[in-house]
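Peer 1: take a look and give me a structure for this.
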Amino acid sequence: MNVLLFFAMTALVYAFAGACAAAPYIPSDGSKVVERLPSRASPIQRELMSLRAELTRNPKDLERATTLARRYIEQARIEGDPRYLGYAEAALAPWWQQRQAPDQVLVLRATLRQSTHQFALALSDLDTALQRDSGNAQAWLTRATVQSVTGDYAGAKGSCMRLHSRAPALVVQTCLSSVGSVNGEARASSAALKTSLAHHPDTDAETRVWVQTLLAEMDARLGDAAAADALFRQALGAGEPDSYLLAAYSDFLLDRGRAPEVARLLKDKGRIDALLLRYAIALKAMGAADAQAQAAALRSRFDAAVLRGDTVHQREQARFELALRGDAQSAVRLAKLNWAVQKEPADLRILVETAVASGDRAAAQTALDWIAKTKLEDRTIAAALAKLKAKA
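Peer 2: Model (predicted):
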């Protein structure tokens, strides 16, 4: 995979995947299989074990440490397992507390920090790296992603523009289209990215899947369900899908009343909270006997997160409260707390939906003001707002 696009993929995924962490689970039956761990015989695990062993012998080997941290972050994205993020931080331990850490560490540390919503610290690391080297394309791309997640679209577009002549054309266009698609230029951004992807037929499979996923989300927001479905299916057909793609397609299917497809897609993915949430919602829509048990399992995980003081899960928890518990007041409270931190379309959507369900006019006005400011185009959010106006 192109290393530059890897950073964008990682940052975008972990803005979403804070809800992947799971609380400890103690089975009632000692014979029950809790989890199937990756085989040490797999090439990936052998590679990671080899890198870890080499780094243990020389923990201050910067090149080896950053290589291992990148590989761990990539595995966290692929498997949806947040433990790899902890392993990545451990690999960078000799430099983790250094304000003036090496550039490679600063960019990786920023990626890890934003995964736990430490956006200000992430941007500080990236700014330090860019003050040293204004041509650091990885830092510009990661900075653009963090700025986009936090709703600073002007800043994000500016960071994307700094990639010109520093990154491949498809990377630049992906960056610009991701920002433009949520800032009043949805159709033009989608068309430009589709053209760029078509002009790069030799793009590696993983990068192509990621671009297809972004395009599918754009088309879904624009209301072109057929195009979105085709893109999602292309991405899914390229190999083992990561947790982000599975969640995005599940949301698309749930919006269109295709819960049985979601249940089949996510049946064995319950280890990841974000996917268990969608699985439980699908089971409830189907009236499945197991729906209540899955919701109870998810609730225990969210309760454990609250006890830990973990606030990264608020978007998914708000959706849980609304869709599975029917507690609109708790849901809108969580949605507002989440909105204060991050401002992706999914964050706006849960804010709108909880505002409609709870009758919270202040939350609704916040959403309306944001749409007016950014000119966001999203058919699903627009439909939810129409329900609010109908109630008025």
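
Peer 1: okay, the closest residue to residue 180 other than its chain neighbours: pLDDT?
Peer 2: Nearest residue to residue 180, sequence neighbours excluded (Cβ to Cβ, 6 or more residues apart in numbering): residue 189, at 3.6 Å. All C-beta atoms are positioned from the backbone trio N, CA, C, and that covers glycine. The score at residue 189 is 98. That number is its pLDDT.

Peer 1: so residue 189 sits against residue 177, correct?
Peer 2: Yes - judged on Cβ atoms under 8 Å, residue 189 makes contact with residue 177 at a distance of 4.0 Å.

Peer 1: the more surrounded of those two?
Peer 2: residue 177 (25 against 22; other Cβ atoms under 10 Å).

Peer 1: just checking, which helix or strand of the protein averages the lowest pLDDT?
Peer 2: helix 3-16 (a mean of 48; mean pLDDT, DSSP states H and E).

Peer 1: residue contacts, residue 227?
Peer 2: 216, 219 (Cβ atoms under 8 Å, 6 or more residues apart in numbering).

Peer 1: got the buried residues for stretch 354-361?
Peer 2: 354-358, 360 (16 or more other Cβ atoms under 10 Å).

Peer 1: low-scoring stretches of the protein, by residue?
Peer 2: 1-41, 391-392 (pLDDT under 70).

Peer 1: can you map out the strands along it?
Peer 2: Assigned strands in the chain: none (criterion: DSSP state E).

Peer 1: shared neighbours of residue 189 and residue 177, anything?
Peer 2: residue 218.

Peer 1: now do the contacts for the closest residue to residue 250 other than its chain neighbours.
Peer 2: Leaving aside its sequence neighbours, residue 250 sits nearest to residue 278 (Cβ to Cβ, 6+ apart; 4.2 Å). Residue 278 makes contact with 247, 250-251, 254, 262, 266 under the criterion Cβ under 8 Å, 6+ apart.

Peer 1: buried only: go through those for me.
Peer 2: Buried by 16+ other Cβ under 10 Å: 247, 250-251, 254, 262, 266, out of the contacts of residue 278.

Peer 1: from the residues you listed, which land in helices?
Peer 2: 247, 250-251, 254, 262, 266 (DSSP state H).

Peer 1: for the stretch 151-300 of the chain, what spans make up the helices?
Peer 2: Secondary structure of the stretch 151-300 of the chain by DSSP state H, counting those that start in this stretch: the helices cover 153-161, 169-180, 186-198, 205-222, 225-236, 243-255, 259-266, 273-286, 291-307.

Peer 1: could I get the buried ones among the contacts of residue 278 in CSV, plus columns for distance to residue 379?
Peer 2: Output for those, formatted as CSV (distance: Cβ to Cβ, whole Å):
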residue, distance to residue 379
247, 19
250, 18
251, 13
254, 15
262, 20
266, 24
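
Peer 1: closest one of those residues to residue 164?
Peer 2: Nearest to residue 164 out of the buried ones among the contacts of residue 278 is residue 247 (Cβ to Cβ; 31.8 Å).

Peer 1: so what's that closest one closest to, chain neighbours aside?
Peer 2: residue 274 (5.2 Å).

Peer 1: report the buried residues of stretch 282-294.
Peer 2: Quick answer for stretch 282-294 (16+ other Cβ under 10 Å): 282-285, 288, 291, 294.

Peer 1: which parts of the stretch 1-150 of the chain are helices?
Peer 2: Here the stretch 1-150 of the chain has its helices, by DSSP H, counting those that start in this stretch, at 3-16, 43-57, 62-79, 83-91, 103-115, 119-132, 137-149.
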